[in-house]
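1. Structure, please.
(2 chains)
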Protein chains: 2
Amino acid sequence: MKLLIIGAAGMVGRRLAENILKTGTLGAHPVDALTAFDVVPADLASTDSIAVTVKSGDISDQATVDGLVTDRPDVIFHLAAIVSGEAEADFDKGYAINMDGTRHLFEAIRAQGPDYHPRVVYTSSIAVFGAPFEEKITDTFLTAPMTSYGAQKMIGELLLNDYTRKGFFDGVGIRLPTIVVRPGKPNKAASGFFSGIIREPLAGLDAELPVEDDVRHWFASPDAAVGFLLHAATMDTAQLGVRRCLTMPGLCLSIAEVLEALREVAGDDAVARVKRVPNETIRTIVAGWPQDFAPDRALAAGFTADPDFPSIIRAHIRDTADAPS
Amino acid sequence: MKLLIIGAAGMVGRRLAENILKTGTLGAHPVDALTAFDVVPADLASTDSIAVTVKSGDISDQATVDGLVTDRPDVIFHLAAIVSGEAEADFDKGYAINMDGTRHLFEAIRAQGPDYHPRVVYTSSIAVFGAPFEEKITDTFLTAPMTSYGAQKMIGELLLNDYTRKGFFDGVGIRLPTIVVRPGKPNKAASGFFSGIIREPLAGLDAELPVEDDVRHWFASPDAAVGFLLHAATMDTAQLGVRRCLTMPGLCLSIAEVLEALREVAGDDAVARVKRVPNETIRTIVAGWPQDFAPDRALAAGFTADPDFPSIIRAHIRDTADAPS
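-> As a prediction, the model looks like this:
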């Protein structure tokens, strides 16, 4: 089986690749080739059983994306995106990558002709929803995004559904919760502080909290995200019908509850490192995001959430200890 | 005031232009210039008070659309579209005109810079909704299109909302009901038979009915559609917030009720000219469309529906008598 990961140098994409390289399989199928694509070369190497090809380039260029599917990968993971904060700040870049880049991939697949019908796993976002919200967002709640990122992700969902309905490929869209704890440095996502208020105190650093303690949000760990991607790549899609995009299961916690979980795992000193620094721009963006979900379709389709928030924090501590210094 | 109508040779666009040329105004404002654009030249001429410029071209070409806004029209009506049946049959053409063409217009406006902020009236469609439906589609019902046309129109709505939110223009999207009675020859819309079963019998011709008598649908007259466009161009948009696209008010009737209205206006002989010729392709497309709506936001914003279906038929009979032979 041949795989393609677009966005393989990103946090989730790289973790997905490492999982596949370690197990050597995708579901029940042995994997023999993996192309890892991103805007920068991903730091991945071939194993005894899997030949890894690392490529880099810009998906806003159709020819670049065409070149990724000429060897007809069986499964394509599309994780590449300009994150929410940057897509809001750079209108052209957000549309070029998140909308045009996604369409270029779908067109590249279609251009291979009717005898090519890969599974396409597309990472969407809960940013496709916009206020006013109901208490728990159900699977039939209106998708009315309030950011450019959300609009771009929703356009990708509409294209994925339509290309799948027309038989050009077999698409599954997964709306990821906010991923915590992101390792490394902060990125430009407006949601970055949700990781920062865990990651920085654990590293003995101060972290800024730009929103109120009663803000609720929807979380999943990096490992859960990899689990969603693997399941989306191998599940029976017949049960999805024409609505191919699903909100993934997550954990709903307030900032206060997140800080209590941090206290449980790392003590009062860690919590004391979280400094309240209100930021109106981030507050406004986050206020346009939903807080809690009833992801019934995804649960029925076999996607599973993290057990609880302390588990997410402990997994991050393990990952950090394992990481090369 | 300067106006631009894109799609001015179409049935609704031309009727809109004729209305403005006749009254000389848009709302309270005198109109002095009107550019009428379509893929073919619209048959429109200047009046004493309004200078009409007729242009033709292809909106899938960015430069063509750029050229339409260099004189900075105050209000832009965007009605150009590949209709549902043709967009389903010709995937590339549908996306090129309905998605790319719409985006080209929005980008052309944005390229004029921050001191240009026109009102943009975009015609969307109830095809943005997809089954399964609730009994009456409310303003917060999920937009999950089941045709390429519906997906393209929905992408236009997402772009309109986002460009408006970012301050690039002042957009209003109106989801038109199915317009009856369309004059002239059938077009390639899958909904064409809804007009055909009125228009052809009134002209002494047989008409094919491809769906069952119990199919319900959502209708407005050409005059009501022009009324929606004029109101969208002149209304106070502050009340709309960030959700700029509204389902327009219409009449909900079953095919059986439509035929009873035809009988009331034109007698049994007219109804007898409607021949039942089931067509599975059209039945499938129409089954993916909603049947009844509760368009509360549009009603609150001052949009008004036709009074009843016999009025729609009688207006068509008057139009036909007025038309040059």
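2. quick one: stretch A:34-45 to chain centroid distance?
-> Going by C-alpha atoms, centre = their mean, to the nearest Å, the spacing between the C-alpha centre of stretch A:34-45 and its chain's C-alpha centre is 17 Å.
3. Quick one: mean pLDDT for it?
-> Regarding stretch A:34-45, the rounded mean pLDDT is 97.
4. CA atoms only for it - export them in CSV, please.
-> Extracted in CSV, the C-alpha atoms of stretch A:34-45 (Å, rounded to 0.1, in the frame of the first residue of the first chain):
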residue,chain,number,x,y,z
LEU,A,34,5.1,6.7,2.0
THR,A,35,5.5,10.1,0.4
ALA,A,36,5.9,12.9,3.0
PHE,A,37,5.2,16.3,1.6
ASP,A,38,5.2,19.7,3.3
VAL,A,39,6.3,23.3,2.6
VAL,A,40,9.6,22.3,4.3
PRO,A,41,11.2,18.8,4.1
ALA,A,42,9.9,16.5,6.9
ASP,A,43,12.6,14.9,9.0
LEU,A,44,11.6,11.3,8.2
ALA,A,45,13.6,8.3,6.9
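5. buried stuff in that stretch?
-> Of the residues in stretch A:34-45, those buried under the neighbour-count criterion (16 or more other C-beta atoms under 10 Å in any protein chain shown) are A:34-39, A:42, A:44. For the C-beta atoms, the positions are set from N, CA and C on the backbone; glycine is no exception.
6. Return the member of these nearest to chain B.
-> For chain B, the nearest member of the buried residues of stretch A:34-45 is residue A:39. The distance, counting by C-beta to the nearest C-beta, is 23.4 Å.
7. got JSON lines for the buried residues of stretch A:34-45, with secondary structure and distance to residue B:191 too?
-> Converted to JSON lines, the buried residues of stretch A:34-45 look like this (DSSP: H, G, I helix; E, B strand; the rest coil; distance: C-beta to C-beta, whole Å):
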{"residue": "A:34", "secondary structure": "strand", "distance to residue B:191": "47"}
{"residue": "A:35", "secondary structure": "strand", "distance to residue B:191": "44"}
{"residue": "A:36", "secondary structure": "strand", "distance to residue B:191": "47"}
{"residue": "A:37", "secondary structure": "strand", "distance to residue B:191": "43"}
{"residue": "A:38", "secondary structure": "strand", "distance to residue B:191": "45"}
{"residue": "A:39", "secondary structure": "coil", "distance to residue B:191": "44"}
{"residue": "A:42", "secondary structure": "coil", "distance to residue B:191": "49"}
{"residue": "A:44", "secondary structure": "coil", "distance to residue B:191": "52"}
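8. Tabulate those residues (a markdown table), appending distance to chain B.
-> Formatted as a markdown table, the buried residues of stretch A:34-45 follow (distance: C-beta to the nearest C-beta, whole Å):
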| residue | distance to chain B |
| --- | --- |
| A:34 | 31 |
| A:35 | 27 |
| A:36 | 30 |
| A:37 | 24 |
| A:38 | 26 |
| A:39 | 23 |
| A:42 | 31 |
| A:44 | 34 |
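9. Just flag the most distant two among those residues.
-> For the buried residues of stretch A:34-45, the maximum inter-member distance is 17.9 Å, found between A:34 and A:39 (C-beta to C-beta).
10. Contacts only, for residue A:255.
-> In this structure, residue A:255 makes contact with A:197, A:209, A:211-217, judged by C-beta atoms under 8 Å, 6 or more residues apart in numbering or on different chains.
11. if we look at chain B, which of these are close to it?
-> If you filter these for contact with chain B, counting by C-beta under 8 Å from any C-beta of the partner chain, you are left with nothing.
12. thought residue A:163 was touching residue A:108?
-> No - counting by C-beta atoms under 8 Å, residue A:163 sits too far from residue A:108 to count as a contact (11.2 Å).
13. Neighbour count: these two, which is higher?
-> residue A:163 (24 against 20; other C-beta atoms under 10 Å in any protein chain shown).
14. what secondary structure does that one sit in?
-> Put simply, residue A:163 is helix when judged by DSSP: H, G, I helix; E, B strand; the rest coil.
15. mind checking pLDDT for it?
-> pLDDT, residue A:163: 98.
16. for the nearest residue to residue A:72 once chain neighbours are set aside, helix, strand, or coil?
-> Taking C-beta to C-beta, 6 or more residues apart in numbering or on different chains as the measure, residue A:72 lies nearest to residue A:116, with 5.4 Å between them; neighbours along the chain are not counted. State at residue A:116, reduced to three classes by three-state DSSP: coil.
17. do the one 5 residues further on as well
-> Taken by three-state DSSP, the conformation at residue A:121 corresponds to strand.
18. what's the answer for residue A:258, then?
-> Classification of residue A:258 into helix, strand or coil gives helix, according to three-state DSSP.
19. That one contacts residue A:310, correct?
-> No - when contacts are counted by C-beta under 8 Å, residue A:258 is not listed as touching residue A:310 (10.4 Å).
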